[in-house]
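Novice: Below are the sequence and a predicted model for it; my questions follow.
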Amino acid sequence: MHHLLLGTQKMRFRADDGGEFAVWEGKTLGDVAEITMGQSPESNSYNTEGVGMHLIQGNADITNRKSNPRNYTSDPTKICEVGDIILTVRAPVGAIAKSFHKACIGRGVCSIKNNSKSTIDFLYQYLLDYEPKWVRLEQGSTFTAISGSDIRSIEIAIPSVEEQTKIANFLSVIDEKIEAEKKISVQYEVLKRYLLQNLFI
């Protein structure tokens, strides 16, 4: 991830015709993405009965890098769409997930969409790689939140959309393999517990 996403030239893909892609451009995240900061609705609109729209408030509404809202709101404010990136902006800062819901986003998160200069999958992989930088910034300080300007000013080296697609597809295949291995590992744990319970009866 590190070498593919930072444009270090140590690892580069080639175009379908075998030629080299263009040199990566230095941009900010605000140049290549649309960032919407969350705004919490009135608390009296919260409910668990499915009235209104799903509500993503913060890290508690994320499971395994996927949105997993606990509540609904009948008075939605800022909205994210299915497929948007969710970034937590209050402690823990910088956690990345994908939204599997059209939802209202509260002040603990922001949503990120790509524009014509980027692909959503490349931005997702880039921000995953960036995640530890937020953690280091938090440690040993009173740093507990980030603003929209903080997020928009993140410096990013951006390749062409075609190269972004190749990079993101490559890393997504690895992500899928990791998820498959995790599921197999869980199955082995279940099998082991079953065997232990029956071996020692």
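Specialist: Done, it's in. Numbers count the residues shown, from 1 in each chain.

Novice: Now the longest helix seen in the chain: buried residues?
Specialist: Using DSSP state H to define each element, the chain has its longest helix at helix 161-199. Judged by neighbour count (16 or more other Cβ atoms under 10 Å), helix 161-199 contains these buried residues: 163-164, 166-168, 171. The C-beta positions use only the backbone N, C-alpha and C, and glycine is treated the same way.

Novice: mind checking how far residue 87 is from residue 154?
Specialist: For residue 87, the distance to residue 154 (Cβ to Cβ, to the nearest Å) stands at 10 Å.

Novice: The longest helix of the chain packs against which elements?
Specialist: Here helix 161-199 touches helix 2-5, helix 120-138, going by 3 or more Cβ pairs under 8 Å, 6 or more residues apart in numbering; DSSP states H and E.

Novice: one step back: redo the buried residues of helix 161-199 as JSON lines? Include pLDDT and distance to residue 51.
Specialist: Shown next, in JSON lines, are these (pLDDT from 0 to 100; distance: Cβ to Cβ, whole Å):
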{"residue": "163", "pLDDT": "92", "distance to residue 51": "45"}
{"residue": "164", "pLDDT": "93", "distance to residue 51": "39"}
{"residue": "166", "pLDDT": "93", "distance to residue 51": "44"}
{"residue": "167", "pLDDT": "90", "distance to residue 51": "42"}
{"residue": "168", "pLDDT": "91", "distance to residue 51": "37"}
{"residue": "171", "pLDDT": "89", "distance to residue 51": "39"}
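
Novice: Among the helices and strands packed on helix 161-199, which one carries the weakest average confidence?
Specialist: Of all those, helix 2-5 carries the lowest average pLDDT, namely a mean of 73.
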